[in-house]
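[1] Quick one, fold the following:
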Amino acid sequence: MKTQYNIFKYENKEMADLLLGRKGGKTTMKIIDQLLYRPHSITQLSKILKLDYKTIQYHIELILNIELVEHNNKKYGTLYYPTKKLINNLNEYQQIKKYLTEF
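    Sure, this is the predicted structure:
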């Protein structure tokens, strides 16, 4: 899939690789969409998206690693929400999302 999207010039290559360069990009996108709507815990995301807790946890770690989301540092009920980096790149996120949903 990487070769298909390399024709586009993405400023945030990490985000493009996260969403387009992996098989689980659509799942990651669904999680980001929920977090853009409002902060959620992993348990809440698991229920909303009807996915296993560990699956959500895995994707959250990937998103955290490239600093598109952050959390409130609580041990129980940790909430995740978008960072300024994600908010500042929303146009690019929407372009990637459009491209991803077409396939």
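[2] I96: what's it in contact with?
    By CB atoms under 8 Å, 6 or more residues apart in numbering, the contact set of I96 is 10, 15-16, 19-20, 29. All C-beta atoms are positioned from the backbone trio N, CA, C, and that covers glycine.
[3] Looking at those residues, state which has the most neighbours.
    L19 (25 neighbours; other CB atoms under 10 Å).
[4] re earlier: out of the contacts of I96, flag the one nearest to I66.
    Of all these, M15 has the smallest distance to I66: 6.7 Å, by CB to CB.
[5] quick one: that closest one from N88, how far?
    Using CB to CB, to the nearest Å, M15 is found at 11 Å from N88.
[6] which parts of stretch 47-63 are buried?
    Neighbour counts over stretch 47-63 (16 or more other CB atoms under 10 Å) mark 49, 51, 55-56, 59-60, 63 as buried.
[7] swap in stretch 24-40?
    Across stretch 24-40, burial judged by 16+ other CB under 10 Å covers 25, 27-32, 34-35, 39-40.
[8] Using TSV, please lay out those residues together with secondary structure.
    Below are those laid out as TSV (DSSP: H, G, I helix; E, B strand; the rest coil):
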residue	secondary structure
G25	helix
T27	helix
T28	helix
M29	helix
K30	helix
I31	helix
I32	helix
Q34	helix
L35	helix
P39	coil
H40	strand
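[9] of all those, which comes closest to L68?
    Taking CB to CB as the measure, L68 lies nearest I32 of the buried residues of stretch 24-40, at 6.8 Å.
[10] Can you list the helices and strands that the helix or strand containing T55 packs against?
    T55 is part of helix 53-65 when elements are defined by DSSP states H and E. Counting contacts by 3 or more CB pairs under 8 Å, 6 or more residues apart in numbering; DSSP states H and E, helix 53-65 packs against helix 25-37, helix 42-49, strand 69-71, strand 80-82.
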